[in-house]
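Asker: Provided below for reference: sequence and predicted model.
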Amino acid sequence: MIAIPIILGLIVIVGLWLVLSRNSFVSIKNQVEEAFSTMDVYLKKRYDLIPNLVETVKGYATHESETFTKVTAARTAAMNSTSIDEKIANENALSGTLKSLFAVAEAYPQLQANTNFLDLQQQLKMLEDEIANSRKYYNAVVRTMNTKVESFPSNLIANMFGFKKQPFFEVGSAAERENVQVKFN
């Protein structure tokens, strides 16, 4: 007789734990999506700024068409990314091409004095700061999610309901972390 209430109590406790754990995963998953969406807004603003920047530099450095083509191609690839992993890879490529564009711009003193270029450069710097802050927040939420997905006993709930680790938004390779060097012959 005493065993039935104990068993029912355990079933209720386990049921509540399952519901609360699943809801916790849903909450964190939504935070990950919201963090990525916020970062994506800043990335889209950067995409809109890049053509103006390229055109301004183009006016001074017409023989640097390869750099302009790479920046444009990287921007298009980043804009057309369909998954988070693809977006991360394409954003890293775009960041590298932007470094090349600024390296080219440094070779033209008259461009460095152009107020339009300086304004665009300042806007891009502010956007890059916002992207960096958004990336930090996204990575913090992803860390929380990934820890929960891998930790016992929450990993049981994650496996049961299909919650997976999320990718961090980080610089990819060591080559991408290096400064760009441009040499004119």
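Answerer: Alright, I've got the coordinates.
Asker: Work out for me the element the nearest residue to Y138 once chain neighbours are set aside sits within.
Answerer: Sequence neighbours aside, A35 is the residue nearest to Y138 in space, at 3.9 Å (criterion: CB to CB, 6 or more residues apart in numbering). Bear in mind the C-beta positions are built from the backbone N, C-alpha and C, glycine included. Element membership for A35 (DSSP states H and E) is helix 3-60.
Asker: ok, residues contacting the helix or strand following that helix?
Answerer: Where DSSP H and E defines the elements, the next helix or strand beyond helix 3-60 is helix 65-79. With contact meaning CB atoms under 8 Å, 6 or more residues apart in numbering, helix 65-79 is reached by 43-44, 47, 50-51, 54, 57-58, 61, 87, 90-91, 93-94, 96-98, 100-101, 104.
Asker: Show me what counts as buried in helix 65-79.
Answerer: Neighbour-count burial for helix 65-79 flags T67, F68, K70, V71, A74, R75, A77, A78 (criterion: 16 or more other CB atoms under 10 Å).
Asker: Let me know the secondary structure of the spatially most central residue of the chain.
Answerer: For the chain, the residue sitting closest to the mean C-alpha position, by CA atoms, centre = their mean, is F169 at 4.5 Å. Three-state assignment for F169 (DSSP: H, G, I helix; E, B strand; the rest coil): coil.
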